[in-house]
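S.K.: model this:
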Amino acid sequence: MQNTLVRSVAFQGVGLHSGAPVTMTVHPAAEDHGIWFCRTDVTGADARVPAQWDAVVPSRLCTLVANAAGTSVSTIEHIMAALAGSAIHNALIDIDGPEVPILDGSAVPFVAGFLEAGIVSQGAPVRAIRVLKPVEVREGEAVARLEPSEMLQIAFHIDFAEAAIGRQDKVLNMANGAFVRELSDSRTFCRNAEVVAMRERGLALGGTLENAVVFEGDKVLSPGGLRHADEPVRHKMLDALGDLALAGGPILGRYTGIRAGHALTNRLLRALFADPTAWRVQDCEALASGKLPGVGVHRGDLPLSA
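M.R.: Numbers count the residues shown, from 1 in each chain. A predicted model of the protein is given here:
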């Protein structure tokens, strides 16, 4: 069944790239509402922005959505992953700036907030997107692929020159609370040289060693080190779930990412929906809903970092 929050929950922080303070409040919403952002600081233009694959505007560093009036919200991937991984399908998100707060660089503060607010099942069935045949997009050595599967699986491969990251592979069945237990606390990561270069261009102004894992060679510069030995690949899987959540419903299929990023995953969704023989909408009643991410998640699923 479709899920929403019992009550509203607010988050305050700064934008990763802008460094500007922002308040964001996630409200419960009616059946079939979907996920929408509303820019409360925008006047004289359409302030509502859909969290949909076809609203994504190309952006190299994050996922950004915009409406026809040009109103936009960026860095939405972590909140979208938290919603999908908590099985919340209907929400209105008020935000008083153009960028979602980065918080600790993961999705776990959002998930903890949702569970504290309470999640309630609504009457209408969840409409999932079933993948019927393989769809793949490539860019150089990067690959993103969707294939048929009874439930959402995510497989990811990364390969970095930095010894502290190196080559990492992970595969997870995303049913039930797997996202919350295994991925939700994995933080965004970057190399120290990238931080310096971005700041020289006026980016990553809100980034700190407290809200990102920063690597330099074989060293982890962030205090406390890693939350998981393979935290980088786990975070890439977190990002992938957030970007796939823009499909408009949970995906029943296997996603494979090889050095993939936000833009390539959105290209994959566009390729999927461009081929009407590659997918269909499936209403998920109680039995089938058990295969979806986040169904039945509870506070005991939260990792120790929450």
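
S.K.: so Arg130 is in which element?
M.R.: Arg130 is part of strand 126-131 when elements are defined by DSSP states H and E.

S.K.: gap between that strand and the chain center?
M.R.: 18 Å (Cα atoms, centre = their mean, to the nearest Å).

S.K.: all helices for the stretch 51-200 of the chain, in order.
M.R.: Counting by DSSP state H, counting those that start in this stretch, one finds helices in the stretch 51-200 of the chain at the ranges 77-85, 108-117, 178, 192-200.

S.K.: in a markdown table: these, plus distance to Glu99, mean neighbour count and mean pLDDT.
M.R.: Heads up, the C-betas are built off the backbone N, CA and C, glycines and all. Output for those, formatted as a markdown table (distance: least, Cβ to Cβ, whole Å; neighbours: other Cβ atoms under 10 Å; pLDDT from 0 to 100):
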| stretch | distance to Glu99 | mean neighbour count | mean pLDDT |
| --- | --- | --- | --- |
| helix 77-85 | 11 | 28 | 98 |
| helix 108-117 | 15 | 22 | 98 |
| helix 178 | 28 | 20 | 94 |
| helix 192-200 | 14 | 14 | 75 |
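
S.K.: mind putting the ones you listed into CSV with distance to Glu231?
M.R.: Shown next, in CSV, are the helices of the stretch 51-200 of the chain (distance: least, Cβ to Cβ, whole Å):
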stretch, distance to Glu231
helix 77-85, 14
helix 108-117, 12
helix 178, 16
helix 192-200, 16
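
S.K.: between these, which gets nearest to Ala263?
M.R.: helix 77-85 (11.6 Å; Cβ to Cβ).

S.K.: who does the closest one touch, helix- and strand-wise?
M.R.: Helices and strands touching helix 77-85, as assessed by 3 or more Cβ pairs under 8 Å, 6 or more residues apart in numbering; DSSP states H and E, comprise strand 21-28, helix 108-117, helix 231-244.

S.K.: let's go with 7 Å and repeat that
M.R.: Packed against helix 77-85, as judged by 3 or more Cβ pairs under 7 Å, 6 or more residues apart in numbering; DSSP states H and E, are the following elements: helix 108-117, helix 231-244.

S.K.: what angle separates it from helix 108-117?
M.R.: Angle, helix 77-85 to helix 108-117, by axes from the mean of the first three to the mean of the last three Cα atoms, to 10 degrees: 40 degrees.

S.K.: what about helix 77-85, distance to the chain center?
M.R.: Here helix 77-85 is found 4 Å from its chain centre; the criterion is Cα atoms, centre = their mean.

S.K.: and what of stretch 227-245?
M.R.: 8 Å.

S.K.: tell me, what's the model's pLDDT at the nearest residue to Arg39 once chain neighbours are set aside?
M.R.: Leaving aside its sequence neighbours, Arg39 sits nearest to Ala47 (Cβ to Cβ, 6 or more residues apart in numbering; 4.5 Å). For Ala47, the model assigns a pLDDT of 98.
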